[in-house]
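Enquirer: Requesting a structural model of the entry that follows:
(one chain, ligands or ions: 1)
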Amino acid sequence: MIRILVLATLLGGCATTRPLTRSVAPSPPTYPGISVSIKRFIGDDYRSAEANVRKDIQRSRIRSLGVSADGEETAVAAASRRVDRALWATLPPPVLLAVDSIPCATNPGLELDLLVGEGQKRRPVTLWCRTGHDVDVAWGELVSPLDLAWDGPESPAERATALAERFDVGPILNGEREWSHQALNSLQAVLEALPAAELAALRGLPLVRDVSPSKLLAAAHAAYYEQGESGSRIVILNETFDHDGIAFVGSPTAPVRISVATMAHEIGHALARASSRTVVAELDDLDAESLAIYTSQNDAHAAAEALRKKANRAINTLNARVDERNAKAEAYNTAVETYRSRRDRASQRVVESLSVELEALDADVAGLRTRAEDLRRRQAHAGAEFERLRDEVIASNATLEAKQAELDALLDASPMLAAFSKLPGAGDGPTIYGRTSLEESFAEAYALHRFDPEALERVAPEMQAWFAAGEHLRLIEQRDTD
Ligand SMILES: [Zn+2]
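Expert: This is a model prediction of the structure:
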């Protein structure tokens, strides 16, 4: 028999999205009769509930009714069609109402943590269908609506900033809806329960208070974790707080608001995907680095090209001047021959004048040659620098591709989920909602481990042992030290 917790109906669904796409769970999980029954608790007829439960015991629809009050040891108030009158008298009416409202016969293994109305107060009642006909029920002391008040002097915005700083998480952001003190109470309760390694894995992940983008989504999801092209975030919708008045998480002697478990569920998703989030951040850094190298390469190419043109121009100038000098040398040689045949003063003056001009041109050519050679050297140097950067670009592209492959592999199979999937019952989920997928199974198990470890122990002891041994923390830290 698979034991199931219907706790998840109240947690509300959520969508974890595949990176780079946005998807939601296909449809809201529905449990005929059960969510309806939860609503029935409020303002129902206590007297007929008691009569109904008695009838169920007499007709063996309930074979045993184990009771446990305020954490005291379990006794049996009813067994084998008989009722223990003394114990029966100690049952608060809301407990019988809870027993009457939950159809164990059709939900063996069902466990519910309910806040049942008793005057202005609420009675935390845990009901467990041990089998289809054996019911255990435990309750705690009457409580006022859980943790609704906040008497600190800060505004919600100041408090959100202070919480983000204190736990080094967030930012804690307002979307279409603002964080209220009530919502922050739940968030604070979650953050206070997380060990340092988990807080570190959430660093930089925005926690956004928002409204559901559609009615359809609101029906299915109380909150969601999103990981996509524009970054990752946890989004807390109004529906997260819908059941705070009628359900709780934890033991009935220390009830915690159910919205705390919903937030913990989303944090579970974020932890399962922590390694891929780290790789996405690394990929972003590499992208920026790669762009910088590519820009340098282009700059080096432009510089080498400019030097090549400059050097070519210098060589053309040099060549023209060499031609000029050679023509001048020819004229000089001709003048020397003329002088040799004439030996007159005029011819001598022409030779002397041409000699001066030739010397000047020789000096000019030498200067131009030095400049051209210098430019050629610089051009070669710039060309080598360009080639070095081109190799760097090629290397950087290879690094990027490898990192992208690493990310793809992590997205296909999160190491956390892979390890979790080996636990007995991982595929079935510790709750009905957890059966949706391995991701939801992990998130549900994580939330229960943090806020109702006794329930997880009852439903999936191997999962509770796995979390308690810190296996998930090892997987988070392993990535950090890689
Ligand atoms: Zn989920």
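Enquirer: What parts of the stretch 351-482 of the chain come near the ion?
Expert: By C-beta under 5 Å from the ion, the residues of the stretch 351-482 of the chain that approach the ion are 440, 443. Using the backbone N, CA and C atoms, a C-beta is placed for each residue, glycine as well.
Enquirer: what about 8 Å?
Expert: 433, 436, 439-440, 443-444 (C-beta under 8 Å from the ion).
Enquirer: Out of those, which sit inside strands?
Expert: Applying DSSP state E to those, no entry is found in strands.
Enquirer: Domain map for this protein?
Expert: According to automatic domain parsing, the chain comprises the domains 34-139, 147-274+413-481, 278-401.
Enquirer: Secondary structure element for Leu115, which one?
Expert: Using DSSP states H and E, Leu115 sits in strand 111-118.
Enquirer: Which SSE is immediately downstream of that strand?
Expert: Next along the chain after strand 111-118, with elements defined by DSSP H and E, is strand 121-129.
Enquirer: What residues of that next one count as buried?
Expert: 122-129 (16 or more other C-beta atoms under 10 Å).
Enquirer: And stretch 378-393, by the same measure?
Expert: For stretch 378-393, by 16+ other C-beta under 10 Å, it's 378-379, 382-383, 385-386, 389, 393.
Enquirer: Touching it from outside, list them.
Expert: 290, 293-294, 296-297, 300-301, 303-304, 307-308, 310-311 (C-beta atoms under 8 Å, 6 or more residues apart in numbering).
Enquirer: Could you list the low-pLDDT ranges of the stretch 351-482 of the chain?
Expert: 479-482 (pLDDT under 70).
Enquirer: Equivalent analysis for the chain, please.
Expert: 1-45, 146-148, 215-220, 229, 479-482.
Enquirer: mind listing the strands for it?
Expert: So, for the chain - with DSSP E - the strands run 64-69, 75-79, 82-83, 111-118, 121-129, 134-139, 172-174, 207-209, 223-228, 231-236, 248-249, 256-257.
Enquirer: mind listing what the third one pairs with, with the direction of each?
Expert: It stands for strand 82-83. strand 75-79 (antiparallel) (DSSP bridges).
Enquirer: among the domains of the chain, which is the most enclosed?
Expert: Comparing those by mean neighbour count (mean count of other C-beta atoms under 10 Å), domain 147-274+413-481 comes out on top with a mean of 20.
Enquirer: What parts of the stretch 151-300 of the chain come near the ion?
Expert: So far as C-beta under 8 Å from the ion goes, the stretch 151-300 of the chain lies against the ion at 224-225, 265-266, 268-269.
Enquirer: Select, from those, the two members most distant in space.
Expert: Using C-beta to C-beta, these span at most 12.2 Å, a distance reached by Tyr224 and Gly268.
Enquirer: my guess is Ile253 meets Glu141, correct?
Expert: For residue 253 the amino acid is Thr, not Ile. Yes. Counting by C-beta atoms under 8 Å, Thr253 touches Glu141, with 7.5 Å between them.
Enquirer: who touches both of these two?
Expert: Common neighbours of Thr253 and Glu141 (C-beta under 8 Å, 6+ apart) are Asp70.
Enquirer: Excluding sequence neighbours, find me the nearest residue to Tyr339.
Expert: Ser347 (4.0 Å; C-beta to C-beta, 6 or more residues apart in numbering).
Enquirer: Name all residues that make contact with Asp244.
Expert: Asp244 neighbours (C-beta under 8 Å, 6+ apart): 145-146, 186, 257-259.
Enquirer: Give me the subset of those residues that lies in helices.
Expert: 186, 258-259 (DSSP state H).
Enquirer: wait, which of those is closest to Ala426?
Expert: Using C-beta to C-beta, the ones in helices among the contacts of Asp244 come closest to Ala426 at Ile258, 23.6 Å.
Enquirer: hang on, the earlier thing: identify, from the buried residues of stretch 378-393, the entry nearest to Leu114.
Expert: For the buried residues of stretch 378-393, the nearest to Leu114 is Val393 (62.6 Å; C-beta to C-beta).
Enquirer: what about the nearest residue to Ala329 once chain neighbours are set aside, distance to the ion?
Expert: In space, and not counting its chain neighbours, Ala329 is closest to Leu358: 6.0 Å by C-beta to C-beta, 6+ apart. Distance, Leu358 to the ion, by C-beta to the ion, to the nearest Å: 92 Å.
Enquirer: For Leu358, give me its contacts.
Expert: Leu358 touches 325, 328-329, 332, counting by C-beta under 8 Å, 6+ apart.
Enquirer: The ion next: which of the buried residues of strand 121-129 are close?
Expert: Counting by C-beta under 8 Å from the ion, no member of the buried residues of strand 121-129 is near the ion.
Enquirer: Farthest pair within those?
Expert: Arg122 and Cys129 (21.8 Å).
Enquirer: Could you identify the most distant pair in the residues of the stretch 351-482 of the chain next to the ion?
Expert: Maximum distance among these (C-beta to C-beta): 11.1 Å, for Tyr433 and Glu439.
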